[in-house]
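1. Predicted model, plus sequence, below.
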Amino acid sequence: MRLLLILRLVRRICSLLLFLTAVTPVIVAQYPSYSQEFIRFTSEDGLANNTILSIAQDARGFLWFGTDDGLSQFDGKTFKTYHLKNINEKNTPSQDFLQLLASKGGKVFFRTSLHVGYCVSSSLSLTLIPEWSATDYIALFEQSGKEFLYLVRSDSLFKVELSASGEYAHCDSLRLEGSSHAQPIYVSDKRGNFLLIESGEIKTVSWSRRCVETKAILPANAPSVYTAMMDNDENLWIGGWIQDESQNLILIPTKGARAFQAQFPFDALKDSPAKTALIAEGINFLAQSPSGTIWIGTRRNGAFRFSPPLNGKEHSLAHFVYDPNDPLGLSGSRVTAVFEARNGGIWFGFESFGVNQLPILHKPFFLLRHYPLKPNSLSNNYIRSIYRSNEGDLWVCTQFGGLNRVDFNRNKITHFNQSGKLMNCWAIAERRDGKLIAGFNGQKNGVYLIDPNTDTTDAQFRKIHALARTQVIKALGDDRFLIGGEGLWVMETNQLNSLSLKPFRLKPFGQLGEATLGLINDILLAPDQTCWIAADDGLFHLDSNGRLLQRITTYRDAAGTQKPAQFLSGLLLRSNGEIWIASKGHGILRLESGKP
């Protein structure tokens with residue numbers, strides 16, 4: 001119980017930090033499965049109800065969640081819940097908040113099955129607008145610098161101009177002649193044009209003719225329509241469910257078309273497993289984010305993210321799947337709402353399972369870690385070093401999980417550990433041919449040559465020296481590598497079959513011996529061909545031939561007191577010539593232009 005409380009507190013702190021920080025979304029072809037750690041919120045956390053019907057974000061950044069029984073506002077830390085008060089004893093208001101729309105003036109307009117109203121984040125109550133009751137659909141548009149609220153009823157369409165503060169400045173109305181009065185699905189584009197889908201027909205609302213006109217008849221095998229959306233290219237997306245699964249999601253181009261023709265929206269994915277998973281159980285939700293991403297919520301198979309082409313890349317379809325055995329994944333399979341917040345986080349609403357947040361960290365940060373229930377994750381969270389290869393792959397050395405390759409193009413993580421024999425990888429560098437030089441410590445310690453393109457486990461690893469301990473490896477060029485550990489060495493690998501390992505001797509100061517350096521923790525190769533060595537016994541500066549130029553074993557603190565510079569662990573060279581030095585116990589030290 002105590003552990004659960006601690007985990008819940010950590011989640012709240014992480015959510016608050018991500019909410020309050022203005023961040024930029026990380027844009028990739030798909031969200032890799034190894035980064036999908038969702039934060040779950042339910043009625044136990046203060047949410048009004050666990051069935052989510054709508055999500056919006058107001059001008060101040062607060063998130064609003066319309067549920068089946070009340071409205072909740074989220075400030076990044078806690079939920080505040082609103083309910084409509086009884087109008088009178090005989091008229092109990094509905095509490096199902098089907099739509100939420102945030103205006104620039106700060107108001108959040110809502111629609112329930114019986115009422116329309118608004119709320120503001122500074123108020124503790126909801127305001128009903130009686131004259132707009134029994135409204136079937138609401139929409140917000142910006143036209144000619146002004147904001148308009150549209151309200152649709154079975155027989156009328158209202159266009160309300162909003163002032164800068166969100167007040168009502170002017171109202172125009174249109175009687176919808178030609179509607180069959182069946183319960184329709186309404187769709188609107190960015191310009192304020194409306195489509196109605198009812199009784200198997202697609203109809204347009206004509207302001208000029210003051211009527212509703214039938215535009216097309218849906219195919220005979222069209223699904224029972226649950227949701228619809230008009231995308232930025234004026235394509236009509238229709239989702240629902242029918243036994244003929246191939247028709248559960250259809251797209252109808254409408255821009256410049258005299259006759260509508262239905263088609264499947266993902267032609268390039270006709271035979272892919274993603275398409276099969278997408279249409280198998282029917283569609284609940286469709287929406288397009290400001291970035292152009294299309295979100296699809298299914299009835300029993302999680303959510304899908306359809307990304308538009310980016311930097312010459314093709315469309316991509318990513319699946320956010322529900323796994324009952326994954327405590328960090330989606331909490332439900334029936335997705336009723338998806339919303340991209342302005343801070344980059346993605347929110348998923350469910351039927352009966354509350355809401356999940358998928359945080360997106362500030363660019364360029366991207367969370368990679370080990371998840372026990374996910375094979376496509378890092379093998380261990382104890383990271384010793386990382387390296388970015390010439391091919392763009394990220395290589396991660398772990399203490400108890402061996403070596404990992406993160407292939408961002410294929411969203412795949414591969415583990416290299418020679419069937420569990422090489423688990424302590426501390427350092428890595430790359431040859432010109434793409435092969436790797438890696439240092440492992442432990443029972444099978446030594447320096448290994450690794451071919452990442454060989455599938456056979458035995459052929460991937462070739463032990464080239466039984467070096468006792470390897471802390472750091474740096475490439476000198478011409479397939480020569482500087483290796484630091486219990487001593488400093490240079491390795492020449494110019495010829496694969498003629499490998500040599502010899503000590504990098506400090507000839508002018510040979511009397512100091514290798515033990516004087518202590519354990520070498522990091523190596524910095526400077527632009528002037530010299531190198532700096534961070535070791536347990538101090539900071540050492542060597543020329544390209546290994547001669548000692550400078551040895552620094554003390555530093556002065558802020559009070560001017562001289563202290564030993566020992567157990568140095570990391571080095572960073574800045575463009576102004578300063579060297580920043582990480583230490584084990586002394587914080588970060590600074591070396592100005594080679595002076596201690």
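-> Received it, and whenever you're ready, just let me know what you need. Predicted model only: the values in this text are computed from it and were never measured.

2. Strands along the stretch 101-250 of the chain, start to end?
-> Secondary structure of the stretch 101-250 of the chain (DSSP state E, counting those that start in this stretch): strands located at 107-111, 116-120, 127-128, 137-143, 146-152, 156-162, 168-175, 185-188, 194-198, 201-206, 211-217, 224-230, 235-241, 249-253.

3. Who's the closest spatial neighbour of residue 141, skipping the chain neighbours?
-> Leaving aside its chain neighbours, residue 141 sits nearest to residue 192 (4.6 Å; criterion: CB to CB, 6 or more residues apart in numbering). (C-beta placed from N, C-alpha, C; glycine too.)

4. Pull the number of nearby residues for the one you found.
-> Per other CB atoms under 10 Å, the neighbour tally for residue 192 reads 16.

5. ok so, going back, which stretch among the strands of the stretch 101-250 of the chain is buried most, on average?
-> For these, the largest average neighbour count (mean count of other CB atoms under 10 Å) is found in strand 107-111, namely a mean of 24.

6. partners of it, with directions?
-> In the sheet, strand 107-111 lines up against strand 99-102 (antiparallel), strand 116-120 (antiparallel) (DSSP bridges).

7. quick one: least confident helix or strand in the chain?
-> helix 2-20 (a mean of 46; mean pLDDT, DSSP states H and E).

8. Can you name the next helix or strand after that one?
-> Sequence-wise, the next helix or strand downstream of helix 2-20 (DSSP states H and E) is strand 39-41.

9. which secondary structure elements does that following strand contact?
-> If you count contacts as 3 or more CB pairs under 8 Å, 6 or more residues apart in numbering; DSSP states H and E, strand 39-41 packs onto helix 2-20, strand 355-358.

10. For it, which strands pair with it and how are they oriented?
-> Partners of strand 39-41 in its sheet, by DSSP bridges: strand 355-358 (antiparallel).

11. Please, which helix or strand holds residue 292?
-> Residue 292 belongs to no helix or strand, assigned by DSSP H and E.

12. Could you report the neighbour count for it?
-> 14.

13. What are the boundaries of the helices in this protein?
-> For the chain, the helices defined by DSSP state H occupy 2-20, 273-279, 457-460.

14. contacting residues around residue 463?
-> 444, 446, 447, 448, 449 (CB atoms under 8 Å, 6 or more residues apart in numbering).

15. Was I right to think residue 400 contacts residue 420?
-> No: with contacts counted by CB atoms under 8 Å, residue 400 stays clear of residue 420, the gap being 10.6 Å.

16. Neighbour count: the two, which is higher?
-> The residue with more neighbours, out of residue 400 and residue 420, is residue 400; 14 against 9, by other CB under 10 Å.

17. Which one of the strands paired with strand 107-111 has the poorest average confidence?
-> Here the lowest mean pLDDT among those goes to strand 116-120, at a mean of 89.

18. and that strand with strand 146-152, angle?
-> 140 degrees (axes from the mean of the first three to the mean of the last three CA atoms, to 10 degrees).

19. List the contacts of strand 116-120.
-> So strand 116-120 is contacted by 58, 71, 82, 84, 106-110, 125-129, 132-133, 135, 138, 151, 166 (CB under 8 Å, 6+ apart).

20. and of the strands paired with strand 107-111, who's closest to residue 465?
-> Closest to residue 465 of those, according to CB to CB: strand 99-102, at 63.5 Å.
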